[in-house]
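need coordinates for the below:
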Amino acid sequence: MAHFENKLVAVMNKSIDPGKVMNALAHMCIGFGANLNQIELNLIDYQDKSENVYPGISKMPFIILSANSNKINGLRKMAMEQGIRYSVFTDTMTVGTWEEQIAKTKTTPEEELNFIGIVLFGEWDKVSEATKKFSLWR
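Numbering: from 1, shown residues only. Next up is the predicted model:
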């Protein structure tokens with residue numbers, strides 16, 4: 001297996017409806033894609049024998065793990081302390097319009113947030129150490 005400088009991992013809350021989990025993962029990945037570049041994400045274009053191009057696929061593994069809300073929040077805090085880039089998604093980001101979501105998040109204390117997921121991107125060994133106790137999403 002090729003060695004990559006950075007590692008990309010998502011940790012998602014298994015107790016949340018799968019549709020909400022997929023929505024949260026999509027939102028977090030859009031943010032990461034906008035903030036990182038093609039080189040950091042190791043994006044390449046695939047091409048089939050018929051010369052169809054499948055653009056922007058990362059050659060770097062993207063590992064999806066599972067944890068509960070408290071553990072996801074713990075990962076968020078650890079990422080902040082260690083300077084690991086992250087994106088996080090909470091239940092307050094799923095109600096009403098985007099304006100209502102911002103207002104709901106702003107008025108909800110951290111301890112009352114239900115964390116749906118987190119995406120981490122950073123030094124391979126740091127991210128591996130932080131996520132080694134979590135199980136693969138199944």
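
going forward, measure contacts between C-alpha atoms and count neighbours the same way
Fine.

next, the residue most central in space within the chain: secondary structure please.
Among the residues of the chain, the one closest to the centroid is Val119, at 2.0 Å (CA atoms, centre = their mean). Here Val119 is recorded as strand under DSSP: H, G, I helix; E, B strand; the rest coil.

cool, and Tyr86?
strand.

surely it is in contact with Val127?
No - Tyr86 is beyond contact range of Val127, at 10.6 Å (criterion: CA atoms under 8 Å).

which residues are in contact with both of these two?
Leu120, Phe121 (CA atoms under 8 Å, 6 or more residues apart in numbering).

okay, Asn37: pLDDT?
Reading off the confidence values, Asn37 has pLDDT 81.

likewise the one 3 residues further on?
In the predicted model, Glu40 carries a pLDDT score of 86.

burial of it, as a residue count?
16 (other CA atoms under 10 Å).

run through the bridge partners of the nearest residue in space to it that is not next to it in sequence.
Counting by CA to CA, 6 or more residues apart in numbering, Glu40 lies nearest to Asn6, which is 7.9 Å off, once chain neighbours are set aside. Beta bridges link Asn6 to Glu123 when assigned by DSSP bridges.

check the gap between Asn6 and Gly74 for me.
21 Å (CA to CA, to the nearest Å).

between the two, tell me which one has more neighbours.
Shown here are Asn6 and Gly74; by other CA under 10 Å, Asn6 has more neighbours (19 against 12).

what residues does the more buried one make contact with?
Glu40, Phe121, Gly122, Glu123, Trp124.

what about the helices in this protein?
18-35, 69-82, 98-106, 124-131 (DSSP state H).

between those helices, which one is closest to Phe62.
With CA to CA as the criterion, Phe62 lies closest to helix 18-35 of those, at 10.8 Å.
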